[in-house]
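In: compute the structure for the input listed below.
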Amino acid sequence: MKKRVYGFIVILLLFITALIVGCSSKTENNPNESVGNEVDNNENSKTNINANIDHTDLTPSVKALFKKYPYLFKAYKENPVRDPESFVVPTLSDIPIEIKEVKVDNMYMGDVIEVMYYGDDQSIKVIVSGRSEVTPKIGKEEIKLDKGITGYFSDKNDEIFINWEIPIPNDEYVMRYSVGLVTWDFETVEKKENKFTKEDAIKIANSLINNL
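Out: Residues are numbered from 1 along each chain as shown. Presented below is the predicted three-dimensional model:
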């Protein structure tokens, strides 16, 4: 009886050992299987987000921004703009800093969109205001932008700023666009002497205009 029990135990142990070895061998043969599944899931998620972005009424420049930074699109879906066909941003290659972060704020029921591009010690602010009243441009330098548009430039030493307006057809209101460029101290978060130039501001403004 003892021999039978002993034999049964030996057989059981051999079976368990074979099972463990088989599982171990499978893991060794496919060390990246779980990582591969995770990559596939991430790629599928990215593909789905891009497809959702493509099916919106957003302008191509905004679609490109959202595809580069998908978290912006997730936030945008919760609070879309009122006039997506007028919402444009600069082409990313025209931004003269290494972008570390981008933020989009949608204010006043979708009538004002503020896009912030952050670098190590510089930031660029783009504002699109829908259906704004025409405003006087006192004390600002007129500059010629692309497509025959007149812009208004100001340099307050710590911030370079350009704004311009585009009439809305058959309407007394205008679309207003502006670009602000600031250099700041990373530790104190205070503005300091600007590293940006007037040419930087004009390049970004023209990028916006040509993306309309």
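
In: how far is the helix or strand hosting residue 102 from where the chain is centred?
Out: Element membership of residue 102, judged by DSSP states H and E, is strand 101-107. Per Cα atoms, centre = their mean, to the nearest Å, the displacement of strand 101-107 from the mean C-alpha position of its chain is 8 Å.

In: for that strand, buried residues please.
Out: By neighbour count on 16 or more other Cβ atoms under 10 Å, the buried set for strand 101-107 is 102, 104, 106. Heads up, the C-betas are built off the backbone N, CA and C, glycines and all.

In: contacting residues for the second one?
Out: This means residue 104. By Cβ atoms under 8 Å, 6 or more residues apart in numbering, the contact set of residue 104 is 72, 75-76, 113-116.

In: out of those, which one sits closest to residue 196?
Out: Within the contacts of residue 104, distances to residue 196 taken as Cβ to Cβ reach their minimum at residue 116, with 14.5 Å.

In: phi first, then psi, for the nearest residue to residue 88 once chain neighbours are set aside.
Out: Once flanking residues are discounted, residue 88 sits nearest to residue 211: 4.4 Å by Cβ to Cβ, 6 or more residues apart in numbering. Dihedral angles of residue 211 (phi, psi; degrees, to the nearest 10) stand at phi -90, psi 0.

In: where's the residue most central in space within the chain relative to residue 193, distance?
Out: Nearest to the mean C-alpha position of the chain, by Cα atoms, centre = their mean, lies residue 69 at 3.8 Å. Distance, residue 69 to residue 193, using Cβ to Cβ, to the nearest Å: 29 Å.

In: again with residue 105
Out: According to Cβ to Cβ, residue 105 and residue 193 sit 27 Å apart.

In: ok, residue 211 next?
Out: Distance from residue 211 to residue 193, counting by Cβ to Cβ: 30 Å.

In: the more surrounded of the two?
Out: More neighbours surround residue 211 than the other of residue 211 and residue 193, with 16 against 7 (other Cβ atoms under 10 Å).

In: does the more buried one really touch residue 59, like I thought?
Out: Yes. Taking Cβ atoms under 8 Å as the definition, residue 211 is a contact partner of residue 59 at 6.4 Å.

In: give me the common contacts of the two.
Out: residue 88.

In: tell me the bridge partners for residue 123.
Out: residue 118, residue 182 (DSSP bridges).

In: am I right that it is in contact with residue 184?
Out: Yes. Applying Cβ under 8 Å, one finds residue 123 in contact with residue 184, separated by 6.8 Å.

In: gap between residue 178 and residue 154?
Out: 10 Å.

In: and for the two, which residues touch both?
Out: Among the neighbours of residue 178, those also in contact with residue 154 (Cβ under 8 Å, 6+ apart) are 161-162.

In: okay, the two: which has more neighbours?
Out: Of the pair residue 178 and residue 154, residue 178 is the one with more neighbours under other Cβ under 10 Å, namely 19 against 15.
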